[in-house]
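*Asks:* I would like the atomic coordinates for the input below:
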Amino acid sequence: MSLELLLAAPSREQLPSRWEALQTFDWVRALKDCPQDPIHHAEGNVWIHTQMVLETLEEMPVYRALSNVDRSIVYLASLMHDIAKPATTKVEDDGRVTAKGHSRAGEMLARRILWELGAPYPLREMVCGLIRYHQIPFYLIERNDAAKVAAEVSLACRSDLLSLVAEADIRGRICADLQRVLDNIELFRAFCIEEGCYEKARLFASDHTRVVYFRSEGRHPDVEAFDDTKGEMILMCGLPGAGKDTYVRDHLGDLPVVSLDDLRVEMDVDPTDNQGSVVQAGREKVREHLRRGERFVYNATNINRQRRGPILSLAADYNVRTRIVYCEAPMEKLLAQNRARAARVPEAVIRRMTERWEIPNLTEAHRVDVVVRS
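*Replies:* Here you go, the predicted model:
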């Protein structure tokens, strides 16, 4: 019942009873005790703001005209857009209330919650993208790198739906700069339409052009970058027990593999110990393959950009193409598969990993394959 409660966008008449029903979730109740800066949120705490956002959303004709699936996505993103504020809110020395980093933290918290509830992968990831970027329409037009940010956003979520979440967010509060922000949201819409990334992902002249565009300055998405890459590093990604080893065995069995699990066993390092020495040893083996410009697999959890970034940058330094294969399984299946492994990872460690869990996208590599097991 919990998942159905979240996925079915309520009608205007259902909003009060739905809001009451949502209090069954601890992450909704936690919003009540979270203050906000009165300059931007004179209406009060995050709980009050979120309720106002949902009421505002239902009054928007564009929202009501969406398909059932899109309406559920926008509703859920609006409900969860500030769920990380209780964990990130701080009263500064000057008395101002801030919640720095709450968008990215909210994305990861929403992903864990929705994964545990069994939400469909495409819907969940669209919601998470909307949460991560929900503030971008407020100020994109004022940025010098607006085109690059708009392209990045479009690879994670739909900008037309993002503009609705942003509009409901700003209208569902009491603030002095309401009209300025609404004007910026309209400019965001116009800019994304002009860039060709409003209802779909930004197109690039080639996959290599896309990788170069996000790794350097002064490039244009429509001007093809010269591609002189060689070899390929296939970077596996996913929580322990998600099926990475199975995928490597079934689809990449003829390639050399750098496996952090194997290195951990060789080096007699427990999964709960500091993994620095294992990661460093793995990086040295990766360098050996990169120097030879060959095709190989790097098999590790790589569950967030901080983990993937250095390895992908290393491949770029050696002019090697990159492909990410992301594997996922439902929570119960994943935990069962992990328990069946020889190198079992403690479940407490896996749950901590889900707190820093970011799905890879096409800003990071030449190709991203998603393998979601039912």
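*Asks:* quick check: Leu182 vs Asp169, distance?
*Replies:* Distance, Leu182 to Asp169, by Cβ to Cβ, to the nearest Å: 11 Å. Placement of C-beta: from N, CA and C, glycine included.
*Asks:* ok, Ala99 next?
*Replies:* Taken as Cβ to Cβ, the span from Ala99 to Asp169 is 13 Å.
*Asks:* one more: Gly241?
*Replies:* 36 Å.
*Asks:* how about Lys230?
*Replies:* 46 Å.
*Asks:* ok, now which ones touch Ala21?
*Replies:* When the contact criterion is Cβ atoms under 8 Å, 6 or more residues apart in numbering, the partners of Ala21 are Leu5.
*Asks:* now the helix or strand containing it: average pLDDT?
*Replies:* Element membership of Ala21, judged by DSSP states H and E, is helix 15-22. The pLDDT scores in helix 15-22 average 95.
*Asks:* next helix or strand past that helix?
*Replies:* helix 26-29.
*Asks:* buried set for that next one?
*Replies:* Trp27, Val28 (16 or more other Cβ atoms under 10 Å).
*Asks:* before we move on, back to that, Ala99 and Asp169: who's more crowded?
*Replies:* Asp169 (25 against 21; other Cβ atoms under 10 Å).
*Asks:* now do the same contact list for the nearest residue to that one once chain neighbours are set aside.
*Replies:* Closest residue to Asp169 apart from its sequence neighbours, by Cβ to Cβ, 6 or more residues apart in numbering: Val53 at 5.8 Å. Counting by Cβ under 8 Å, 6+ apart, Val53 makes contact with Ser78, Leu79, His81, Ala168, Asp169, Arg171, Gly172, Arg173.
*Asks:* go ahead and confirm the fourth one touches Tyr75.
*Replies:* No. If you go by Cβ atoms under 8 Å, Ala168 and Tyr75 don't touch, sitting 9.4 Å apart.
*Asks:* was I right about Val211 contacting Asn361?
*Replies:* No. At 11.9 Å, Val211 and Asn361 do not qualify as touching, with contact defined as Cβ under 8 Å.
*Asks:* neighbour-wise, which of those two wins?
*Replies:* Set Val211 next to Asn361 and count neighbours by other Cβ under 10 Å: Val211 wins out with 24 against 18.
*Asks:* hang on, that one in a strand?
*Replies:* No. Looking at Val211 with DSSP: H, G, I helix; E, B strand; the rest coil, it is helix, so not inside a strand.
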